[in-house]
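Visitor: no sequence on this one, just coordinates:
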């Protein structure tokens with residue numbers, strides 16, 4: 001498949017996904033969604049194991065961000081072009097923020113705090129999507145699409161009061 005055909009296919013799939021998500025009704029949010037297996041309080045932290053399990057996300061995200069950060073002579077990851085690190089930086093930065101946002105959500109689970117669990121995850125997934133485009137389609141296409149993809153993820157991360165938006169369902173799959 002030629003590069004032009006791959007880009008055309010990418011745009012067609014993106015357009016079809018956006019159209020399908022825009023036309024689909026919201027998915028009802030299960031009221032039991034916020035009930036978790038661990039509700040114990042440890043060291044004064046409610047839902048302690050749900051909260052503390054996010055430390056790994058923060059550590060992996062920080063380590064990944066450190067490994068792709070530009071300008072370091074000892075950087076373990078080498079890219080072919082200067083801007084190629086951006087999607088990976090967004091991915092790993094979002095991964096670290098996912099740990100923080102999820103910990104905040106699990107401290108007081110509810111619809112009001114759920115956005116802080118979903119927002120960083122949407123950013124992370126869009127960074128990964130852009131990185132995949134950089135690796136498999138073209139560096140230029142992946143970098144051009146990075147900001148719009150992240151904005152789409154951010155724009156669709158906030159759930160309505162009683163439902164899960166269809167676009168968020170598509171982003172997280």
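Guide: Arrived safely, thanks for sending. Everything numeric in this text was worked out from a predicted model, so none of it was measured.

Visitor: who touches stretch 119-139?
Guide: Stretch 119-139 is contacted by residues 3, 6-7, 10, 80-81, 83-84, 86-95, 97-98, 100-102, 141-143, 145-146, 149-150, 152-154, 156-158, 168, 171-172 when judged by Cβ atoms under 8 Å, 6 or more residues apart in numbering. In short, each C-beta sits where N, CA and C put it, glycine included.

Visitor: and what of stretch 55-68?
Guide: Outside of stretch 55-68, the residues within contact range by Cβ under 8 Å, 6+ apart are 75-77, 79, 85, 88-89, 91-100, 102-103.

Visitor: could I get the average pLDDT for it?
Guide: Taken as a whole, stretch 55-68 has a mean pLDDT of 92.

Visitor: likewise for stretch 81-99?
Guide: Averaging pLDDT residue by residue across stretch 81-99 gives 91.

Visitor: roughly how far out does that stretch sit from the chain middle?
Guide: Average the C-alpha atoms of stretch 81-99, do the same for its chain, and the two points are 10 Å apart (Cα atoms, centre = their mean, to the nearest Å).

Visitor: show me which parts of it are buried, residue by residue.
Guide: Of the residues in stretch 81-99, those with enough neighbours to count as buried (16 or more other Cβ atoms under 10 Å) are 84-99.

Visitor: stretch 122-139 now?
Guide: Counting neighbours by 16+ other Cβ under 10 Å, one finds that the buried residues in stretch 122-139 are 122-131, 133-134, 137, 139.
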